[in-house]
Structures are given as structure tokens and as C-alpha cells.
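> Only the shape, not the letters, is given here:
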């Protein structure tokens, strides 16, 4: 079992849809949590950090439940430009551990 | 500002050959990471350095892989001898301080071993 597990995807949604990604992590020693975005044939880039109180950045909302070891990302009013792979990431010690990623394809 | 710089961007090599991947981290960053990405296994951390010292190399697949960081501005990942299963994208990334939340990736080195 992988330390960080995500929805398998791919998710194919129409423009304007709301889409939610889920992620679970197995190591309770994980300290920090993030969502990264990776475009096709590009490097991963930080999308947002995830805090226990929940946090929002425009159309993106991230939630963390430490008790359940569960992380989520909600994208509202999805745009064509949101098409990418979304990677759930946990930090433990000095390491960033990545999930397999969930591919999102937003269609006109 | 220059980001993380990797070379070569693409390499095709024959099985058994030595491969050397290079990385220049962002100036001032004290952590450097080497990741490997494949369709099957996703992004895997191979090794990371802090202040040029290897901290955790538990992700290095086997003795054919080695990594060095002779100074704060340069690191290499070497595969000798290379095998077709080493074909992957190898990313170098750097960050500032262990508490820093953002690591910055290079554009990757796309390796194909035939």
C-alpha cells in the first residue's frame, strides 16, 4: 500500500463543473500537506498548502482531517486551463511524498 | 531569477552505458532532492541532501545509482550500468530550510535506455 493514495481518475468534466479530489495518507507522523499541479510533460508546481482549518484560494478549497488522515481539494467553476494532474503531497521530516496523481480533463 | 536547472533535458542511451544527470539548484537553497517519475510508480524520492550532505538515500533503487553534491550549486545522479527499466523522467528539486513548504522542481531529464 502506498503511503499517499489518491482517487484513480481520470476525471472528465464539463467547463463550469465542480470537481473534488480525495487523498488519504497512512503515516500519522506526516507534518504538512499540499496539493501540487503537474501539466503534461512539465514539472510539478505547488498549487496550495492544506491546513487543518481548511483554506481557500479563489476557486480552490483544500481541507485536511488529521484524525481520518484525509485530504481533499475542491475546484469550483472549472476552467479548461484547470486540465492537469493534481498531486496530493505530504511532508514527513525533510521528505515530500507524492501520491500517484489524479488526472483532470475539463471539456468545453 | 533562474530556477532549478537540469541537464541534459533528453537522453537516449544504450543499455549498459553510464548516464550522468546534472542539477544546479536555486541559489541559496539548502535542500536538494532527486525524484524519479514513471507511469507505473509515479513520483518517487530517490535521495535528498541538506547543506550538501546526503540525508536519506533509502529511495535509491540499487547500487547502480549514486548521487553526489560536491558543492552548494551542483549535484549529479549517476546510473552505471543503465538498464531499460531505468527509463523515466528524473527531476531535481530544491528548497530553503526544512520548514519551507515549497520545493521548486527543474524541468526534468527525460531518460530512455534502449
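Thanks, I have it. The model shown is predicted, which means the values in this text are computed figures rather than measured ones.

> how about residue B:3, what does it touch?
Going by Cβ atoms under 8 Å, 6 or more residues apart in numbering or on different chains, residue B:3 touches B:26, B:104, B:106. For every residue, glycine as well, the C-beta is placed using N, CA and C.

> Is residue A:94 in contact with residue B:55, as I believe?
Yes: counting by Cβ atoms under 8 Å, residue B:55 is a contact partner of residue A:94 at 5.9 Å.

> list the residues that contact both of the two?
Joint contacts of residue A:94 and residue B:55 (Cβ under 8 Å, 6+ apart) are residue B:48.

> can you list the residues of chain B near chain A?
B:31, B:33, B:35, B:42-43, B:45, B:48, B:50, B:55-56, B:91, B:98, B:101-103, B:105-108 (Cβ under 8 Å from any Cβ of the partner chain).

> ok, now with 10 Å
Contacts of chain B with chain A, taken as Cβ under 10 Å from any Cβ of the partner chain, map to B:3-4, B:6, B:31, B:33, B:35, B:37, B:39-45, B:48-50, B:55-56, B:58-59, B:89, B:91-93, B:95, B:97-108, B:110.

> So residue B:8 sits against residue B:77, correct?
No: judged on Cβ atoms under 10 Å, residue B:8 makes no contact with residue B:77 at a distance of 12.0 Å.

> still on that earlier bit, most neighbours out of the contacts of residue B:3, which is it?
Among the contacts of residue B:3, the one with the most neighbours (other Cβ atoms under 10 Å in any protein chain shown) is residue B:106, at 24 neighbours.

> I'd like to know the phi and psi angles of it, please.
When read as degrees, to the nearest 10, the backbone of residue B:106 gives phi -80, psi 180.

> Next: residue A:80.
phi -60, psi -40.

> Identify the residues contacting it.
By Cβ atoms under 10 Å, 6 or more residues apart in numbering or on different chains, the contact list for residue A:80 reads A:15, A:105-108.

> top of the residues you listed by neighbour count?
In terms of neighbour count, residue A:106 stands highest of the contacts of residue A:80 at 20 neighbours, by other Cβ under 10 Å.

> Return the list of helices and strands in contact with the one helix or strand that residue maps to.
In this structure, residue A:106 sits in strand A:102-107 according to DSSP states H and E. Packing partners of strand A:102-107 (3 or more Cβ pairs under 10 Å, 6 or more residues apart in numbering or on different chains; DSSP states H and E): strand A:11-14, strand A:19-25, strand A:70-75, strand A:84-92.

> Can you give the strand pairings for the second one, parallel or anti for each?
Think strand A:19-25. According to DSSP bridges, strand A:19-25 forms sheet pairs with strand A:4-6 (antiparallel), strand A:70-75 (antiparallel).

> quick one: is the helix or strand of chain A with the lowest mean pLDDT near chain B?
Ranked by mean pLDDT, DSSP states H and E, the weakest helix or strand in chain A is strand A:95-98, scoring a mean of 90. Yes: counting by Cβ under 10 Å from any Cβ, contacts between strand A:95-98 and chain B involve A:95-98.

> Nearest to chain A among the contacts of residue B:3?
Using Cβ to the nearest Cβ, residue B:106 comes nearest to chain A of the contacts of residue B:3, at 6.4 Å.

> so that closest one makes contact with residue B:90?
Yes: with contact taken as Cβ under 10 Å, residue B:106 and residue B:90 are classed as touching, separated by 9.2 Å.
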